[in-house]
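K.L.:
Pasting the sequence and the predicted coordinates here, then a few questions.
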Protein chains: 2
Amino acid sequence: MEANNSGTAAAAAELPDSISSVIPGWFSEISPMWPGEAHSLKVEKILFQGKSDYQNVMVFQSATYGKVLVLDGVIQLTERDECAYQEMITHLPLCSILNPKKVLVIGGGDGGVLREVARHSSVEKIDMCEIDKMVVDVSKEHFPSVAVGFNDPRVTLHIGDGVAFLKAVEEGTYDAVIVDSSDPIGPAQELFEKPFFESVAKALRPGGVMCTQAESIWLHMHIIEDIVSNCRQIFKGSVNYAWTTVPTYPSGVIGFMLCSTEGPDVDFKRPVNPIDADDSLAQAKGPLRFYNSEIHSAAFCLPSFARKVIELKD
Amino acid sequence: MEANNSGTAAAAAELPDSISSVIPGWFSEISPMWPGEAHSLKVEKILFQGKSDYQNVMVFQSATYGKVLVLDGVIQLTERDECAYQEMITHLPLCSILNPKKVLVIGGGDGGVLREVARHSSVEKIDMCEIDKMVVDVSKEHFPSVAVGFNDPRVTLHIGDGVAFLKAVEEGTYDAVIVDSSDPIGPAQELFEKPFFESVAKALRPGGVMCTQAESIWLHMHIIEDIVSNCRQIFKGSVNYAWTTVPTYPSGVIGFMLCSTEGPDVDFKRPVNPIDADDSLAQAKGPLRFYNSEIHSAAFCLPSFARKVIELKD
């Protein structure tokens, strides 16, 4: 999950509190988004603390998960498990279409999604719109293996509001739009609403694809139900929900909403554009650690309690 | 995960500590099995605290996960997410063979696996060997929707050491053996070692199946590597690793080792014995909440980092 993307300033969580109030010397993630539970990581050293125009930004060295990026008290990535999120949110959409050329990333200021998009040699142009420059700067300093994505010459970084950026995009510009957002309370709320999805659909070519962070089947089924319902109204191609494991996200899973616009059929469950683990780009970026074609298809298989809400409610 | 099954008494974690030392009024799960991280649940009320011959047993009402069973400071089940573990550890093996008739459960003293085994109308006999009677009694009192499994007339409960029980079993007795054990440090250690797997293989008919709790791909790859290696030496049929999501287990996932003995082929990835969600038994036990045939097959798709260790190291 990544930085907010609309203009409102976040209600700032106090940084010292999130470190000390739970286990002394540990960081604990407490939020009304997951009441009654908390995941804690042991802190070796705080490496950065700052307050941008949009949110509190913190980086710490954890005892067992490598460096950790925290925005407004919520873990965005750890070096140990970021591969799962970054690879899945990127390759689920990009491996579902042939020859993606133009890709837009909304959010994702750490650069991890860029790193993954750049593995696709068919891609000619990668735009990113991230609202918070502090996230980009902090990632470049503290997470070089993630921020490596910014080094790709195909990348153009726009610092600004993703909602406004999308509205200005010419119709049918992109093959794929990836929305790497934070949770839908606070500044990222607009990224889960109908007008935003309408802008995304308009920015995509016929048969183009969107992938957006879509919360946890264990915690947020009511949010997911709304997202699915909104997307079914707006995207006239395929609308599918996928999920994967990320240990440091609440409940240990994160979901993705995958949609395609009217046009050439997209079957998200059967990737048509396999990415080779040992392609020429792997050398610079390291091999894929998580994604493969099998886990791509498996990600769309839902537990019965989730299937009932997501798939069978047409 | 469930009670220990060998004779050694556990090094007892102090119960009051696990409640109070971290977040006041919260239970935190801290263990050398997952250093540097902890998952915490808010406690509404402690419902039971006891010390058996083998371990500390605690039940509390949590704020958002229902009632929670804790053994030696480690969460074994919560009412909110127990369905994932119980259904997967049971139906992965039982849906992989036709007409299972005789099933042995080692551990599983809460009764949840029994509840799931009993959904299979072909089953004629269900033996359970659980070492700790206190777990059974506590489950019957505090988790009636889980312990309902004990009411099935096909069930015979043996209180005793699972390792010894298995050694006394006549060769080729069972169609399936399910090992619902706790972690391999402390009393359950033997359940992850070669002699135990040899006893299981002997107790199974040709083409019979074992499913055993096999830890987390994110945390315990070295343990998994050993289990896989042991099983490949002992089980001459199929040897496969599967995993699923359980939010209240460390790292949010738990794995299963599925093996079959020499004999009729078993393809664990393609279930041949589908269980109907609305069969006649569902009325008494409630419908399946998690398992379905799609998620069965998907459970065998591993992230690349795990596949490299588990599948490609032949």
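P.N.:
Here it is on my side, so go on.
K.L.:
contacts, neighbours, all on C-alpha from now
P.N.:
Fine.
K.L.:
Near chain B, which residues of the stretch 1-150 of chain A are found?
P.N.:
A:21-24, A:35-42, A:62-65 (C-alpha under 8 Å from any C-alpha of the partner chain).
K.L.:
roughly how far apart are residue A:97 and residue B:207?
P.N.:
42 Å (C-alpha to C-alpha, to the nearest Å).
K.L.:
The two: who's more crowded?
P.N.:
Remark: of residue A:97 and residue B:207, residue A:97 carries more neighbours, 25 against 22, as counted by other C-alpha atoms under 10 Å in any protein chain shown.
K.L.:
Now for the more buried one: which residues touch it?
P.N.:
A:208-209, A:266, A:271-273 (C-alpha atoms under 8 Å, 6 or more residues apart in numbering or on different chains).
K.L.:
Name the nearest of those relative to chain B.
P.N.:
The closest of those to chain B turns out to be residue A:271 (C-alpha to the nearest C-alpha; 14.7 Å).
K.L.:
which SS class is that closest one?
P.N.:
coil (DSSP: H, G, I helix; E, B strand; the rest coil).
K.L.:
gap between it and residue A:295?
P.N.:
For residue A:271 relative to residue A:295 (C-alpha to C-alpha), the value is 10 Å.
K.L.:
Show only the entries of the residues of the stretch 1-150 of chain A next to chain B found in strands.
P.N.:
Counting by DSSP state E, the residues of the stretch 1-150 of chain A next to chain B place A:37-42, A:62 in strands.
K.L.:
Around residue A:213, how many other residues sit close by?
P.N.:
25.
K.L.:
pretty sure it contacts residue A:184?
P.N.:
No: contact status for residue A:213 versus residue A:184: not in contact, 10.0 Å apart, counting by C-alpha atoms under 8 Å.
K.L.:
Keeping just the C-alphas, turn stretch A:302-313 into PDB.
P.N.:
Provided in PDB are the C-alpha atoms of stretch A:302-313 (Å, rounded to 0.1, in the frame of the first residue of the first chain):
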ATOM      1  CA  LEU A 302     -11.700 -17.200  -3.200                       C
ATOM      2  CA  PRO A 303     -12.800 -18.800   0.100                       C
ATOM      3  CA  SER A 304     -16.500 -19.600   0.100                       C
ATOM      4  CA  PHE A 305     -17.400 -16.700   2.500                       C
ATOM      5  CA  ALA A 306     -15.800 -14.200   0.100                       C
ATOM      6  CA  ARG A 307     -17.100 -15.900  -3.100                       C
ATOM      7  CA  LYS A 308     -20.600 -15.600  -1.800                       C
ATOM      8  CA  VAL A 309     -20.300 -11.800  -1.600                       C
ATOM      9  CA  ILE A 310     -18.000 -11.100  -4.500                       C
ATOM     10  CA  GLU A 311     -18.800 -13.600  -7.200                       C
ATOM     11  CA  LEU A 312     -22.300 -14.800  -6.700                       C
ATOM     12  CA  LYS A 313     -24.100 -11.500  -6.100                       C
END
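K.L.:
what pLDDT, on average, does whichever strand or helix holds residue A:57 get?
P.N.:
Residue A:57 is part of strand A:56-62, with elements assigned from DSSP states H and E. The average pLDDT for strand A:56-62 rounds to 96.
K.L.:
now it: how far from the chain's centre is it?
P.N.:
19 Å (C-alpha atoms, centre = their mean, to the nearest Å).
K.L.:
again, but for stretch A:171-185
P.N.:
Distance, centroid of stretch A:171-185 to centroid of chain: 9 Å (C-alpha atoms, centre = their mean).
K.L.:
For chain A, which element, helix or strand, carries the lowest mean pLDDT?
P.N.:
helix A:15-20 (a mean of 43; mean pLDDT, DSSP states H and E).
K.L.:
okay, now residue A:166: neighbour count?
P.N.:
For residue A:166, using other C-alpha under 10 Å, the count is 22.
K.L.:
likewise the one 10 residues further on?
P.N.:
Residues lying near residue A:176 (other C-alpha under 10 Å) number 29.
K.L.:
So it is in contact with residue A:210, correct?
P.N.:
Yes: counting by C-alpha under 8 Å, residue A:176 does reach residue A:210; the two are 5.6 Å apart.
K.L.:
okay, and the common contacts of those two?
P.N.:
With C-alpha under 8 Å, 6+ apart, residue A:176 and residue A:210 have common neighbours residue A:93.
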